[in-house]
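In: The sequence isn't on hand, but the structure is:
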């Protein structure tokens, strides 16, 4: 069945050993049951979470019996450095990774991420990255995936890495999209805890780099890596960057100026104020009966710059884990709970004055000082930090509208 000289392994264990020797293994990391910490680094030998006091090991809820050496929760980290180094060991792949620098460019034409202002901004700010075209630019993508686990649904969050040095026809090929982290359950605002191993490697790859052999040039060089942006749907954007993505402040651009009103009879929220984006002399601005009974002469909100965002989030005091009432900002929001029921919750106000800068007294809009700003020195200079996957969103919106109009069981989204 196989070509001469090739042998098939006898079992899964031997296959895993072979994959690990090639740098394709994974590390299983124990996690606090409340997502407070990872049991690594200074907590490697701990058996109790220092934040919430829960046991590291599985505990039977009925008998209170503790099963030692059986972790209550785990995550899987697939080290990214060996796999990035292995890309340059194939001569053809190492050549493809130079395509963004060797291919001809047309002024004013955006055909590849290397033509974007975000790519150029990193090159201008960090010449040590721009000097060698073999330095990699990555995109990070994550979202929840529902899987069946017995008679109930179960969610996992994969974190994927995309390599943008490759030509457009190879960027999105499956073999060049790397699974970096696999999170059990829904992490929510505590996703930064799970991203810590990946950020450790990304920080090392940017600050110091790693020695790598280039089979195409037949020489060794120092490989450095930059993350240009993340790609996700709208809820995942709020999870990663730490801003509200639903409720009265649900627009990440308008923020506290979001035009949101409550519909009294259906007890639902409605987002209005779209006429602000029309030209100032447009007739729709004067019409009242066709809209909310008022004329609209407001102007659009200006998106915050990267430095403005950093100057706000750096005062937020992080507190990880489930069950802490005072860890997030004072924002009233509505979200969909289990079983499709709409749940309303008012979060306690976390003062920016609680941080090192005591002059800030206003409630913070942000939920956390996210790990991208805290750990990656170049993140504040990225022109586009988080990208929305419009294809995913358009599919969900269209599917919800059709399901609601046709009253398809399980596909109606009247609560949204």
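Out: Sure, I can see it. Predicted, not measured: the structure shown is a model, and the values here were computed from it. Numbering: from 1, shown residues only.
In: Now the terminal residues of stretch 238-254, how far apart.
Out: Using CA to CA, to the nearest Å, the span of stretch 238-254 from its first residue to its last is 14 Å.
In: Now find how far off-centre it is within its chain.
Out: Mean-position distance between stretch 238-254 and its chain equals 14 Å (CA atoms, centre = their mean, to the nearest Å).
In: List of residues touching that stretch?
Out: Contact with stretch 238-254 is made by 142, 187-189, 191, 230, 232, 234-235, 237, 255-256, 258, 260, 269, 271, 273, 301, 303, 313, 316, 329, 331-335, 365-370, 372, 385-386, as judged by CB atoms under 8 Å, 6 or more residues apart in numbering. No exception for glycine: its C-beta is placed from N, CA and C like everyone else's.
In: Which positions within it qualify as buried?
Out: Using 16 or more other CB atoms under 10 Å as the test for burial, stretch 238-254 gives 238-252, 254.
In: How about stretch 261-279?
Out: For stretch 261-279, burial by neighbour count (16+ other CB under 10 Å) applies to 269, 273, 275, 276.
In: Can you list the low-confidence ranges for this protein?
Out: 1, 20-23, 149-153, 323-364, 412-416 (pLDDT under 70).
In: Grab the most central residue of this structure for me.
Out: The centre of the chain sits closest to residue 240, judged by CA atoms, centre = their mean, with a distance of 4.3 Å.
In: host element of that one?
Out: helix 234-241 (DSSP states H and E).
In: Identify all contacting residues around whichever helix or strand comes after that helix.
Out: Where DSSP H and E defines the elements, the next helix or strand beyond helix 234-241 is strand 260-263. Outside strand 260-263, the residues within contact range by CB under 8 Å, 6+ apart are 247, 248, 249, 250, 268, 269, 270, 271, 272, 292.
In: Distance of the first one relative to residue 255?
Out: When distances are taken as CB to CB, to the nearest Å, residue 247 and residue 255 turn out to be 12 Å apart.
In: and if you look at the second one?
Out: Taken as CB to CB, the spacing of residue 248 relative to residue 255 amounts to 11 Å.
In: got it, and residue 172?
Out: Distance of residue 172 to residue 255, computed by CB to CB: 32 Å.
In: for residue 216, same thing?
Out: According to CB to CB, residue 216 stands 47 Å off from residue 255.
In: next one: residue 132
Out: Distance, residue 132 to residue 255, by CB to CB: 39 Å.
In: got it, and residue 120?
Out: As judged by CB to CB, residue 120 and residue 255 stand 28 Å apart.
In: And those two? Which one has more around it.
Out: Higher neighbour count among residue 120 and residue 255: residue 255, with 16 against 13, using other CB atoms under 10 Å.
In: Looks like the more buried one contacts residue 312 (just checking).
Out: No: using CB atoms under 8 Å as the test, residue 255 is too far from residue 312 to be in contact (10.0 Å).
In: Show me whatever sits in contact with both of these two.
Out: 304, 365.
In: looking at it, residue 89 is touching residue 220, isn't it?
Out: No: the pair residue 89 / residue 220 is not scored as a contact, 11.8 Å apart, by CB under 8 Å.
In: And the strands in the stretch 51-200 of the chain?
Out: Assigned by DSSP state E, counting those that start in this stretch, the strands in the stretch 51-200 of the chain fall at 57-59, 66-71, 74-77, 136-142, 145-149, 152-163, 177-184.
In: now these in JSON lines, with mean neighbour count and distance to residue 112?
Out: JSON lines is the format used below for the strands of the stretch 51-200 of the chain (neighbours: other CB atoms under 10 Å; distance: least, CB to CB, whole Å):
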{"stretch": "strand 57-59", "mean neighbour count": "15", "distance to residue 112": "48"}
{"stretch": "strand 66-71", "mean neighbour count": "12", "distance to residue 112": "43"}
{"stretch": "strand 74-77", "mean neighbour count": "20", "distance to residue 112": "30"}
{"stretch": "strand 136-142", "mean neighbour count": "21", "distance to residue 112": "11"}
{"stretch": "strand 145-149", "mean neighbour count": "9", "distance to residue 112": "29"}
{"stretch": "strand 152-163", "mean neighbour count": "16", "distance to residue 112": "12"}
{"stretch": "strand 177-184", "mean neighbour count": "19", "distance to residue 112": "17"}
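In: any chance of those strands in TSV, with distance to residue 321 too?
Out: Putting these into TSV (distance: least, CB to CB, whole Å) gives the following:
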stretch	distance to residue 321
strand 57-59	17
strand 66-71	16
strand 74-77	15
strand 136-142	20
strand 145-149	23
strand 152-163	17
strand 177-184	15
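In: right, so of those strands, which gets closest to residue 11?
Out: Each of the strands of the stretch 51-200 of the chain was scored for nearness to residue 11 using CB to CB, and the closest is strand 74-77 (20.7 Å).
In: Which residue ranges of the protein form helices?
Out: 12-21, 80-87, 91-96, 99-102, 117-125, 127-130, 168-171, 191-207, 234-241, 306-313, 371-375, 390-405 (DSSP state H).
In: now for the fifth one, which elements pack on it?
Out: Just to be clear, that refers to helix 117-125. The helices and strands touching helix 117-125, judged by 3 or more CB pairs under 8 Å, 6 or more residues apart in numbering; DSSP states H and E, are helix 127-130, strand 225-232.
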